[in-house]
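S.K.: below are the sequence and a predicted model; questions follow.
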Amino acid sequence: MSSEAPWYHENFEITGSSIGFRITKKLDEVQSEFQKIEIFQTTDWGNLMVIDGAIMLTTRDNFLYHEMMSHPTLFTHSNPKRVVIIGGGDCGTLREVLKHRDVESATQCDIDEQVTRMAEKYFPELCESNGDPRAELLFDDGIAYMKNCPAESVDVVIVDSTDPVGPAEGLFNQAFYASCLKALRPGGILVQQSESPLTHLGLIRSMRNAMKGAGFTAFRTLTFPQPCYPTGWWSCTMARKGGELDGFRERGAGSKTFATKYYSAEIHKSALVQPPFVADALGG
């Protein structure tokens with residue numbers, strides 16, 4: 001750290017790389033029951049949230065992740081009415097989901113209330129839909145929530161989790177996916193953040209295998225840029241309960257009535273095209 005221009009760096013030993021942001025000061029810090037949450041002010045990227053030393057989001061680039069975690073899946077489903085978000089405590093994905101006026105309810109279940117409280121204070125733009133009458137914010141164990149969710153009561157499950165360690169570790173296995181499958185209506189879709197295609201193809205393969213073992217029938221891994229995450233390139237993986245994932249409501253996406261910064265029908269189409277090394281590793 002330079003005394004004139006301090007930086008916050010997150011080092012990734014497994015990839016031999018690092019991502020850093022120039023900061024002006026630490027704005028806040030809280031140790032919750034589950035994890036340590038820190039907020040920094042940066043010179044160029046707005047506010048920065050760090051959980052247990054891992055960079056979670058910045059003001060400047062979070063729209064990439066939140067839009068791609070929500071709109072491709074919602075425009076792939078024929079008529080999503082009830083959405084469940086597991087994790088997502090910063091509320092950015094909830095905001096994007098509720099841009100879809102046909103969504104009748106969106107339940108967000110995150111184990112750590114402090115993440116949401118910090119987001120409300122330092123990323124208020126992400127929380128602007130928290131008061132929407134269709135929104136339900138729960139602070140509870142997402143694994144237990146899905147296990148107890150009534151059968152065939154949900155259209156879309158979005159797993160907006162941290163890396164598969166600590167509180168999120170149990171969200172990346174066949175037992176959890178089986179709970180999601182049971183809760184989804186026929187044709188329902190599960191989507192989960194699936195790390196970097198450059199460095200985590202093994203994890204993506206294991207996720208898809210576990211989803212298949214749970215009973216899902218079709219899979220798609222979409223990639224997108226995400227500068228604040230390892231390698232700067234990220235992904236989400238969709239799985240469907242019955243049917244395929246070959247297309248989406250392109251006309252609806254092209255004529256959407258709400259604003260997005262990254263997502264569009266054209267971006268959606270391009271995200272479905274996998275680079276050869278990804279397609280080869282995942283089997284298409």
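M.R.: Nice, I can see it.

S.K.: so the nearest residue to residue 25 once chain neighbours are set aside, which of the three states?
M.R.: With Cβ to Cβ, 6 or more residues apart in numbering as the criterion, residue 25 has its nearest non-adjacent residue at 5.4 Å, and that residue is residue 41. Every C-beta, even on glycine, is put in place using the N, C-alpha and C of the backbone. Residue 41 falls in the strand class when you classify it by DSSP: H, G, I helix; E, B strand; the rest coil.

S.K.: ok, residue 41 touching residue 27?
M.R.: Yes - using Cβ atoms under 8 Å, residue 41 makes contact with residue 27 at a distance of 5.4 Å.

S.K.: name the residues contacting each of the two.
M.R.: residue 47 (Cβ atoms under 8 Å, 6 or more residues apart in numbering).

S.K.: find the nearest non-adjacent residue to residue 126, please.
M.R.: residue 92 (4.1 Å).

S.K.: okay, now the one you found: neighbour count?
M.R.: 24 (other Cβ atoms under 10 Å).

S.K.: which residues touch the top strand by length along the chain?
M.R.: Secondary structure of the chain read by DSSP state E shows that its longest strand is strand 17-31. Strand 17-31 is contacted by residues 5-12, 36-45, 47-48, 55, 58, 114, 118, 121-122, 227-232 when judged by Cβ under 8 Å, 6+ apart.

S.K.: okay, the nearest residue to residue 234 once chain neighbours are set aside: pLDDT?
M.R.: Take residue 234 and drop its neighbours on the chain: the residue closest to it by Cβ to Cβ, 6+ apart is residue 226, 3.8 Å away. With respect to pLDDT, residue 226 scores 97.

S.K.: cool, residue 170 as well?
M.R.: 71.

S.K.: got any ranges where the chain has weak pLDDT?
M.R.: 1-4, 162-169, 284 (pLDDT under 70).

S.K.: domain map for it?
M.R.: Per automatic domain parsing, the structural domains of the chain span 7-58, 62-282.

S.K.: and residue 218, what does it touch?
M.R.: With contacts defined as Cβ under 8 Å, 6+ apart, the neighbours of residue 218 are 239, 240, 243, 244, 245, 246.

S.K.: which SS class is the last one?
M.R.: With three-state DSSP as the basis, the three-state label of residue 246 is coil.

S.K.: sorry, back to before: of the domains of the chain, flag the one that's most buried.
M.R.: domain 62-282 (a mean of 19; mean count of other Cβ atoms under 10 Å).

S.K.: what's the spacing between that domain and its chain's center?
M.R.: 5 Å (Cα atoms, centre = their mean, to the nearest Å).

S.K.: quote the end-to-end distance of it.
M.R.: Taking Cα to Cα, to the nearest Å, domain 62-282 runs 27 Å from one end to the other.

S.K.: repeat for stretch 179-199
M.R.: OK, stretch 179-199 end separation, Cα to Cα: 28 Å.

S.K.: kindly report the same for stretch 251-266.
M.R.: 11 Å.

S.K.: the helices in the stretch 1-150 of the chain, which residues?
M.R.: Using DSSP state H, counting those that start in this stretch, the helices of the stretch 1-150 of the chain run over 62-76, 92-97, 113-122, 142-148.

S.K.: quick check: residue 109 touching residue 143?
M.R.: No - judged on Cβ under 8 Å, residue 109 makes no contact with residue 143 at a distance of 9.6 Å.

S.K.: counting contacts, what elements does the helix or strand harbouring residue 278 pack onto?
M.R.: Following DSSP states H and E, one finds residue 278 within helix 276-282. Counting by 3 or more Cβ pairs under 8 Å, 6 or more residues apart in numbering; DSSP states H and E, the packing neighbours recorded for helix 276-282 are helix 201-214, strand 218-225.

S.K.: now residue 224: how far from residue 80?
M.R.: Between residue 224 and residue 80 the distance is 20 Å, computed by Cβ to Cβ, to the nearest Å.

S.K.: circling back to that earlier point, distance of the residue nearest to residue 126 relative to residue 229?
M.R.: 14 Å.

S.K.: C-alpha coordinates for stretch 70-90, PDB please?
M.R.: C-alpha atoms of stretch 70-90 as PDB (Å, rounded to 0.1, in the frame of the first residue of the first chain):
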ATOM      1  CA  SER A  70     -31.800 -12.400 -13.600                       C
ATOM      2  CA  HIS A  71     -33.000 -11.300 -17.100                       C
ATOM      3  CA  PRO A  72     -31.700 -14.300 -19.200                       C
ATOM      4  CA  THR A  73     -33.500 -16.700 -17.000                       C
ATOM      5  CA  LEU A  74     -36.700 -14.700 -16.700                       C
ATOM      6  CA  PHE A  75     -36.900 -14.200 -20.400                       C
ATOM      7  CA  THR A  76     -36.200 -17.900 -20.900                       C
ATOM      8  CA  HIS A  77     -39.100 -19.000 -18.700                       C
ATOM      9  CA  SER A  78     -42.400 -18.700 -20.600                       C
ATOM     10  CA  ASN A  79     -44.300 -17.000 -17.800                       C
ATOM     11  CA  PRO A  80     -42.400 -16.500 -14.500                       C
ATOM     12  CA  LYS A  81     -44.800 -15.600 -11.700                       C
ATOM     13  CA  ARG A  82     -43.100 -16.600  -8.500                       C
ATOM     14  CA  VAL A  83     -39.300 -16.200  -8.000                       C
ATOM     15  CA  VAL A  84     -37.100 -17.200  -5.100                       C
ATOM     16  CA  ILE A  85     -33.700 -15.800  -4.600                       C
ATOM     17  CA  ILE A  86     -31.300 -17.700  -2.300                       C
ATOM     18  CA  GLY A  87     -28.600 -15.300  -1.100                       C
ATOM     19  CA  GLY A  88     -28.600 -12.000  -2.900                       C
ATOM     20  CA  GLY A  89     -28.300 -10.000   0.300                       C
ATOM     21  CA  ASP A  90     -27.200  -6.900  -1.500                       C
END
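
S.K.: understood, closing this out.
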